[in-house]
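Colleague: Make a model of this:
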Amino acid sequence: QVQLVESGGGLVQPGGSLRLSCAASGRFFSINAMGWYRQAPGKQRELVTTIISTGIPNYADSVKGRFTISRDNDKNTVYLQMNSLKPEDTAVYYCKADVRVGIPLIFTPYWGQGTQVIVSS
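Modeller: Okay, here's the model as predicted:
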């Protein structure tokens with residue numbers, strides 16, 4: 001069984017910064033893409049950013065230039081550095097990882113439990 005555990009959410013003022021972490025644990029062969037999604041109240045879950053195993057990132061336009069994703073493959077951990085936070089960044093942030101759990105070259109998506117980020121003065 002694969003588990004993703006997120007940490008680092010909280011309350012921050014507009015213009016502030018937060019760093020989220022997500023660590024994968026359990027029995028698996030490898031992890032391909034890792035990423036962050038978010039869901040604001042009354043809205044659908046949306047992509048924030050992803051990063052593949054080679055380190056190439058992809059960002060939603062709304063966070064480009066403010067958020068930075070990185071990963072430590074040795075620790076099976078992905079990070080999200082969020083700067084210049086805005087009230088519209090308020091949401092529950094979910095970590096996602098595409099994990100190879102068996103011999104076949106098939107990657108299964110796993111999700112974390114979510115961490116709340118509130119940007120408010």
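
Colleague: close enough to count as contact, residue 12 and residue 116?
Modeller: No. Look at residue 12 against residue 116 with C-beta atoms under 8 Å: they stay out of range, at 11.2 Å. Heads up, the C-betas are built off the backbone N, CA and C, glycines and all.

Colleague: okay, these two: which has more neighbours?
Modeller: residue 12 (18 against 11; other C-beta atoms under 10 Å).

Colleague: what sits against the more buried one?
Modeller: 18, 85, 117-119 (C-beta atoms under 8 Å, 6 or more residues apart in numbering).

Colleague: From residue 115, how far off is it?
Modeller: 13 Å (C-beta to C-beta, to the nearest Å).

Colleague: try residue 44
Modeller: Counting by C-beta to C-beta - residue 44 and residue 115 are separated by 18 Å.

Colleague: Counting neighbours, go ahead and name the busier of the two.
Modeller: The residue with more neighbours, out of residue 44 and residue 115, is residue 115; 23 against 7, by other C-beta under 10 Å.

Colleague: which element follows the helix or strand residue 50 falls within toward the C-terminus?
Modeller: Secondary structure from DSSP states H and E places residue 50 in strand 46-51. Under the assignment DSSP H and E, the closest C-terminal helix or strand after strand 46-51 is strand 57-59.
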